[in-house]
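Asker: 3D model of this:
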Amino acid sequence: MIALHGFGDRARMFAVLEPALTARYTFVAIDWPFHGQTVWPSHRFEKADLLAIIDLILKKEGKTRFNLMGFSFGGRLAQAMLPDLIQQVDKLYLLSPDGIETKGMTMAVRTPIVVRKFLYKILEKPNWFLKILSFGRKIGVVPGMINHFLAVNLSRPDRFQRTFGCWLSLDSFYLRRRNIKALLKRSQLPTAIYYGAQDEMIRFKTLQKMTEGLPNVQLYVLQEGHRLIGENLANRLSTD
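Answerer: Below you'll find the predicted structure:
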């Protein structure tokens, strides 16, 4: 099983799941570009880069087939790569998956790449922008969640590079829900989706609509928030 963490996370977040999975799988979690211990020389990454990394892992382990797991933004990455990997994947695990409908992501996805590149250049010293954001928050024109996210992720050079590295890479991982649903229906790939009942980021109704009419897709609801990776999920996975 190859696991992809979420934005701002590290591979070690999956450690709590290992006891439930290592009895059945060789479990490999990676720090993807701009995260953890991975050193990435470019200012962006593409789907082909992650596909090459997965290919290297399979060759190293002497495997040709595998299970794929993605949490949050890692769920977006997993779904985007699925058309290229469908012949090799035995089962797909999506945990609080981005890419189906995540609050706040529509604007990020639709912002033209030329605008993203322009902002990348002018925000390398972001203090002036953060002051504007703070003022906008005070007068009620900037949502608190967006203000907090940008304030945290633009305030340090490593976080700035991580944020823009992912934003500039989004086009390579663009998803259409109907295409993913059609692929899951056509392939009949066994898929398990885990959702936290207290999740404030993922729209559950869209998730239900996405999985409707797909007998090969199981949707599980846990009593957690968006970050549902923990002992409860581990217990569920051990019986899945």
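
Asker: So what's the residue count around Arg236?
Answerer: The burial metric for Arg236, expressed as a neighbour count using other CB atoms under 10 Å, is 15. Where you see a C-beta, it was placed from the backbone N, CA and C, and this is true even at glycine.

Asker: Now do the closest residue to it other than its chain neighbours, the pLDDT please.
Answerer: Leaving aside its chain neighbours, Arg236 sits nearest to Tyr220 (6.5 Å; criterion: CB to CB, 6 or more residues apart in numbering). On the pLDDT scale, Tyr220 is placed at 93.

Asker: Am I right that Tyr220 is in a helix?
Answerer: No. Tyr220: not assigned to a helix; according to DSSP: H, G, I helix; E, B strand; the rest coil it is strand.

Asker: quick one: it and Gly196 touch, right?
Answerer: No. With contact defined as CB atoms under 8 Å, Tyr220 does not reach Gly196; the gap is 10.1 Å.

Asker: Skip the chain neighbours and tell me the closest residue to the most centrally placed residue in the chain.
Answerer: What sits nearest the mean C-alpha location of the chain, by CA atoms, centre = their mean, is Phe73, with 1.4 Å. Counting by CB to CB, 6+ apart, Phe73 lies nearest to Phe7, which is 4.1 Å off, once chain neighbours are set aside.

Asker: sorry, back to before: now do the residue nearest to Arg236: how many residues are near it, please.
Answerer: For Tyr220, the neighbour count with other CB under 10 Å is 14.

Asker: got the contact list for it?
Answerer: When contacts are counted by CB atoms under 8 Å, 6 or more residues apart in numbering, Tyr220 touches 192-195, 236.

Asker: Report the separation between it and Ala52.
Answerer: Taken as CB to CB, to the nearest Å, the spacing of Tyr220 relative to Ala52 amounts to 32 Å.

Asker: so how far is whichever strand or helix holds Phe118 from its chain's centroid?
Answerer: Assigned by DSSP states H and E, Phe118 belongs to helix 113-122. On the basis of CA atoms, centre = their mean, to the nearest Å, helix 113-122 sits 22 Å off its chain's mean C-alpha point.

Asker: In terms of secondary structure, what does that helix contact?
Answerer: Helices and strands in packing contact with helix 113-122 are listed as helix 157-169; criterion 3 or more CB pairs under 8 Å, 6 or more residues apart in numbering; DSSP states H and E.
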